[in-house]
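J.: Test case, fold it:
(2 chains)
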Amino acid sequence: MKFRLATWNINSVRLRLPLVERFVRAYRPDVLCLQEIKCVEEVFPLIPLQALGFPHIRINGQAGYHGVATLSRFPLEARGNENFCGSGQARHLAVAFDGGRVVVHNIYVPAGGDIPDPDENPKFKHKLTYLRALADWSACCAFGDQDRHILTGDFNVAPLENDVWSHKQLLKVVSHTPIEVEHLARLQKSGNWVDVIRRYVPEDEKLYTWWSYRARDWQSSNRGRRLDHIWTTPALADAVQSMLVVEEARGWQQPSDHVPVIADFDLA
DNA sequence: ATGGTTGCCAAGCAA
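T.: Sure, this is the predicted structure:
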């Protein structure tokens, strides 16, 4: 079985429905994980997205903030929404397809506010707590050699030096602080997760999936960060055939500040 | 060092 999986922090699915349509027509993902849909299920644009070729859609929505949805051409089985660390925010959605043989966890890790100090900034504390809860959950899953899980979404952490435009200048900027990177590393170890995107771009090369709205010209300043990730359990890692970071989407009309990230799988 | 933009929903918060 072959499938193309994409993840995209859409920053309001209702506002950017035309961009989702444009992306899907051009890149034809089979499974699309959206984050920051910023709406409840009742007002999610279900009909147009089904018409776009995704009859199977699961939503974990919230009014105004956060929220994730997973769209699929294949039938999906619900696998629950974890309420990591009990915040009550809609940040996780698990589904399975291929008769339950592939599980996709769509996550939106808290951004963490501006001050990188958990004692001063409750949002940063929440981010660290959330990442610890994810690691505990992942360790608890105790994935076996044959378990095919994908952990994808907006992790809001750029772990490697070349996942940001300037490692030195971002050491105290939330998303690239050593403590967040440590927390993400612990999560990665807890499930033996493989960062499949970085397999295609050497660690000494820059790779970004997000560019701030605040730059006058995102392209020329190119101060990006790699915040969006596709991780798999080892059983799936070698099934990945290629990947793509759809940088052009940052230049589309009224864009999200994140761009889609794609991985192509072939289950031999 | 600072301020820069965007979306929700109609003021200020979250990112």
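J.: where exactly do the helices run in chain A?
T.: Residue ranges of the helices in chain A, as given by DSSP state H, are A:17-27, A:46-51, A:122-141, A:178-191, A:218-221, A:234-237.
J.: where does the stretch 51-200 of chain A come near DNA strand B, residue by residue?
T.: Counting by C-beta under 7 Å from any atom of the strand, the residues of the stretch 51-200 of chain A close to DNA strand B are A:A63, A:G64, A:Y65, A:H66, A:P110, A:A111, A:G112, A:G113, A:K123. Quick note: C-beta positions are derived from backbone N, CA and C, even for glycine.
J.: didn't the first one look like it was pressed against A:V40?
T.: Put plainly, it is A:A63. Yes - counting by C-beta atoms under 8 Å, A:V40 is a contact partner of A:A63 at 5.2 Å.
J.: Which one of the two is surrounded by more residues?
T.: For A:A63 and A:V40, the more surrounded residue by other C-beta atoms under 10 Å is A:V40, and the numbers stand at 15 against 12.
J.: Quick check: chain neighbours aside, which residue is closest to that one?
T.: Counting by C-beta to C-beta, 6 or more residues apart in numbering, A:G61 is the residue found nearest to A:V40 once chain neighbours are left out, at 4.4 Å.
J.: Verify the stated contact: the one you found with A:L34.
T.: No - the criterion here is C-beta under 8 Å, and A:G61 misses it with A:L34 at 10.7 Å.
J.: of those two, who's got more company?
T.: Set side by side, A:G61 and A:L34 give different neighbour counts by other C-beta under 10 Å, the larger being at A:L34 (30 against 19).
J.: hey, what's that one bridged with?
T.: On the basis of DSSP bridges, A:L34 takes part in beta bridges with A:W8, A:A69.
J.: closest one to A:F155 among the helices of chain A?
T.: Nearest to A:F155 among the helices of chain A is helix A:178-191 (6.6 Å), distances taken as C-beta to C-beta.
J.: The residue most central in space within chain A: what's it in contact with?
T.: For chain A, A:G153 is the residue whose C-alpha lies nearest the centre (C-alpha atoms, centre = their mean; 1.0 Å). When contacts are counted by C-beta atoms under 8 Å, 6 or more residues apart in numbering, A:G153 touches A:T7, A:N9, A:C33, A:Q35, A:V68, A:H105, A:N106, A:I107, A:Y108, A:V109, A:D228, A:H229.
J.: A:V95 too?
T.: With contact taken as C-beta under 8 Å, 6+ apart, A:V95 is in contact with A:R58, A:T70, A:S72, A:L76, A:E77, A:A78, A:R79, A:V103, A:V104, A:N106.
J.: Most widely separated two among the residues you listed?
T.: A:E77 and A:N106, at 14.1 Å, using C-beta to C-beta across those.
J.: Which one of the two is surrounded by more residues?
T.: Neighbours per residue (other C-beta under 10 Å) separate A:E77 from A:N106, with A:N106 holding more: 26 against 14.
J.: Let me know whether that one touches A:A6 as I believe.
T.: No - assessed by C-beta under 8 Å, A:N106 is found out of contact with A:A6, at 11.0 Å.
J.: Next, show the common contact partners of the two.
T.: Listed as contacting both A:N106 and A:A6 by C-beta under 8 Å, 6+ apart are A:C33.
J.: which one is the residue of the stretch 101-250 of chain A found nearest DNA strand B nearest to, not counting chain neighbours?
T.: Scanning the stretch 101-250 of chain A for proximity to DNA strand B using C-beta to the nearest atom of the strand identifies A:A111 as nearest, at 3.4 Å. Nearest non-adjacent residue to A:A111, counting by C-beta to C-beta, 6+ apart: A:N156, 5.1 Å away.
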